[in-house]
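>>> below are the sequence and a predicted model; questions follow.
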Amino acid sequence: AADKIKLIPQDLFAELCEQIIQQLNHRIPGVNTAELCQRMQTSGIEINIGDLAKIANILSFLFSTAARNNLSTEELVTTLGTAVSTLPKHGLQVIRHVWNEQGKSISMSEDARNMATVGQFVDLKWKLGVGMSSDTCRSLKYPYVTVTLTMADPSGQITDKSFEMTIPQFKDFFRQFKEMASVLETV
């Protein structure tokens, strides 16, 4: 991962670190590695989303472990300096700066730790469509609903999951959401 960190410009590496701190503070649901990767590739950096996700996971582990152990900026930098000799200088400077500015704000309550192991809902989008025809049927006129769930997994990676439902399936899906809403109102 250190060889890939060397490729990332200091400003984009700082943005990645800041997003991870925000995610650990539950200000954002996750790090949008797809968007960051696209921006890096557009600026000519040869990195793929898998490598960037690995870097994000390493940094998330680093910051959460440092928060759990209440490390000062100097303790974190010293530990990194002895443990990771291959980390580029600009990477170490960014980690030092971000941790110094925002590190102490990370709250690692037991509830936050438990929630972080499950993942988090970010957004839901849906659209109604009609299948007009296929290679085996000339006139389908088959309505369906496409649902896209945006989720942040436990490591903070944001992913989209899409699925299609028939109208009866969607009505059942909607009924279950109404049941959840009525149960939540009683809490």
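Arrived safely, thanks for sending.

>>> next secondary structure after the least confident helix or strand in the chain by mean pLDDT?
The least trusted helix or strand in the chain, going by mean pLDDT, DSSP states H and E, turns out to be helix 110-116, with a mean of 47. Proceeding C-terminally, helix 110-116 gives way to strand 120-131 as the next helix or strand, assigned by DSSP states H and E.

>>> pLDDT at the residue nearest the centre of the chain, what is it?
When CA atoms, centre = their mean is applied to the chain, the residue found nearest the centroid is Q157 (2.6 Å). Model confidence at Q157, expressed as pLDDT, equals 75.

>>> now do the same contact list for it.
With CB atoms under 8 Å, 6 or more residues apart in numbering as the criterion, the residues that contact Q157 are 30-31, 33, 53, 56-57. C-beta: built from backbone N, CA, C; applies to glycine.

>>> same thing but 6 Å
Counting by CB atoms under 6 Å, 6 or more residues apart in numbering, Q157 touches 33, 53.

>>> elements contacting the helix or strand in which F177 is found?
Per DSSP H and E, F177 falls inside helix 167-186. Helices and strands in packing contact with helix 167-186 are not found; criterion 3 or more CB pairs under 6 Å, 6 or more residues apart in numbering; DSSP states H and E.

>>> before we move on, the earlier item: and the residue nearest to the centre of the chain, how far from M165?
To M165, Q157 is 25 Å away according to CB to CB, to the nearest Å.

>>> V31 against A53, yeah?
No: applying CB atoms under 6 Å, one finds V31 not in contact with A53, separated by 8.6 Å.

>>> between these two, point out the one with more neighbours.
More neighbours surround V31 than the other of V31 and A53, with 27 against 19 (other CB atoms under 10 Å).

>>> dig out what the more buried one forms beta bridges with.
In this structure, V31 has beta-bridge partners Q157, where bridges are defined by DSSP bridges.

>>> go through the host helix or strand of I20 and flag the buried ones.
Per DSSP H and E, I20 falls inside helix 10-24. Buried positions in helix 10-24, judged by neighbour count with 16 or more other CB atoms under 10 Å: 12-24.

>>> repeat for stretch 54-65
55-60, 62-64.

>>> following the record's annotation, map out the domains of the chain.
When the chain is parsed into structural domains using the TED database, the resulting residue ranges are 2-114, 118-185.

>>> give me whichever of those domains is most buried.
Across these, averaging neighbours per residue (mean count of other CB atoms under 10 Å) puts domain 2-114 on top, at a mean of 16.

>>> paired strands for the host helix or strand of T150, with orientation please.
In the assignment (DSSP H and E), T150 maps to strand 142-152. The pairing partners recorded for strand 142-152 under DSSP bridges are strand 120-131 (antiparallel), strand 158-166 (antiparallel).

>>> okay, and for this structure, where does confidence drop off?
Scanning the chain for pLDDT under 70 picks out 1, 82-85, 107-119, 154-156.
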